[in-house]
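Novice: quick check, what structure comes out for this input:
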Amino acid sequence: MEVTLITGRTVAQGEEMEKGKTGEGFKRACAVIELDPEDMSRLGAYEGDEVRVETDVGEVVVVAKKSRDAPHPGVAFMPLGPWANVVVGEGTASTGMPPFKGIKARLTLAKGERVLSAEELVARVYGKE
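Specialist: Here you go, the predicted model:
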């Protein structure tokens, strides 16, 4: 399923970041994708299911959450953090800021796949596994 992905800060992400980026709380706050309930149904996903998010620059497995801001079919949200960074492009188009909004993404169910910790994800992406 294709969606438009936006990323941004959340209160939970900010609170957990203050405690450290390697804890389970930070992972629970950031390794998620918030979806419109209709999109979750179309994908066949339930709250807590693993979902693979793929863009032209990378892919990552995160946990599905039902958005409390629905309806917004076709638009998905990920909090900023290592998981979102994997699917956000590096280019800035001379603006000095990566494209955090309006990213074309493909979602597939990844039931049973493990959501990596921040350390595991960084090691995988930067080749230090």
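Novice: can you map out the helices along the chain?
Specialist: Per DSSP state H, the chain carries helices over the ranges 11-19, 24-30, 37-43, 82-87, 118-125.
Novice: count the neighbours of Asn85 for me.
Specialist: Using other Cβ atoms under 10 Å, Asn85 is surrounded by 20 other residues. Heads up, the C-betas are built off the backbone N, CA and C, glycines and all.
Novice: repeat that for Val86.
Specialist: Based on other Cβ under 10 Å, the number of other residues close to Val86 is 22.
Novice: was I right to think it contacts Val61?
Specialist: No. Under the contact definition of Cβ atoms under 8 Å, Val86 does not touch Val61, with a separation of 9.9 Å.
Novice: what do those two both touch?
Specialist: Contact criterion Cβ atoms under 8 Å, 6 or more residues apart in numbering; residues shared by Val86 and Val61: none found.
Novice: quick one on the thing from earlier: tell me the most buried of the helices of the chain?
Specialist: Relative to the other members of the helices of the chain, helix 82-87 carries the highest mean neighbour count by mean count of other Cβ atoms under 10 Å, namely a mean of 22.
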